[in-house]
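> my questions concern the predicted model and sequence given below.
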Amino acid sequence: MDILQILKEDYQRFPADQTYSIYAPDVFFKDPLNQFQGIERYKQMIGFINTWFGAPKLDLHEIHRSEDTIKTRWTLSWTTPLPWRPRISIPGWSELKLNVDELIISHIDYWDCSRWDVLKQHLPFQEKN
């Protein structure tokens, strides 16, 4: 199966039943909060999202490939387990690099908002724009 199709299906199921076999064992991952290397750490991060956040969802808006680079645009959302249950939304994009075996060796996420913007979404009495 084509790696783009696998990724599309993983986004639809996220965070359940991810296809970890498309990642190199020493994959490099980075986002505005984390940076690490290795598929086991990546699995732990996905497991944390699945365990601690309510109704996590990863909406895929765009995906395209140019040679050894795949770019995706998405919105990640979840309900935080606070008493007022805020629904958090982070728009962003990812850049995935492939090796000669078509395995993802680098997965870097970028957010279209600041970490402060994400934190503010958790506040119970925020102003609505």
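Thanks, I have it. Computed from a predicted model, the values in this text were never measured in an experiment.

> my guess is residue 63 meets residue 93, correct?
No. In this structure, residue 63 is not within contact of residue 93 by C-beta atoms under 8 Å, at 10.1 Å. Every C-beta, even on glycine, is put in place using the N, C-alpha and C of the backbone.

> more neighbours, these two?
Comparing residue 63 with residue 93 by other C-beta atoms under 10 Å, the one with more neighbours is residue 63, at 18 against 15.

> could I get the phi/psi values of the more buried one?
phi -150, psi 130 (degrees, to the nearest 10).

> now the helices: where do they sit in the protein?
Under the criterion DSSP state H, the chain carries helices at the ranges 3-13, 39-52, 115-120.

> ok, residue 113 - contacts?
Residue 113 makes contact with 90-92, according to C-beta atoms under 8 Å, 6 or more residues apart in numbering.

> residue 93 too?
Contacts of residue 93 by C-beta under 8 Å, 6+ apart are 71-74, 109-110, 112.

> so which of those comes closest to residue 41?
Nearest to residue 41 out of these is residue 109 (C-beta to C-beta; 14.4 Å).

> just give me the neighbour total for that closest one.
19.

> give the contact list for it.
Contacts of residue 109 by C-beta under 8 Å, 6+ apart are 30-32, 92-94.

> cool, and residue 96?
Residue 96 neighbours (C-beta under 8 Å, 6+ apart): 7, 69-72, 104, 106-108.

> can I get these in a markdown table including distance to residue 23?
Formatted as a markdown table, those follow (distance: C-beta to C-beta, whole Å):
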| residue | distance to residue 23 |
| --- | --- |
| 7 | 11 |
| 69 | 15 |
| 70 | 12 |
| 71 | 17 |
| 72 | 14 |
| 104 | 5 |
| 106 | 10 |
| 107 | 7 |
| 108 | 13 |
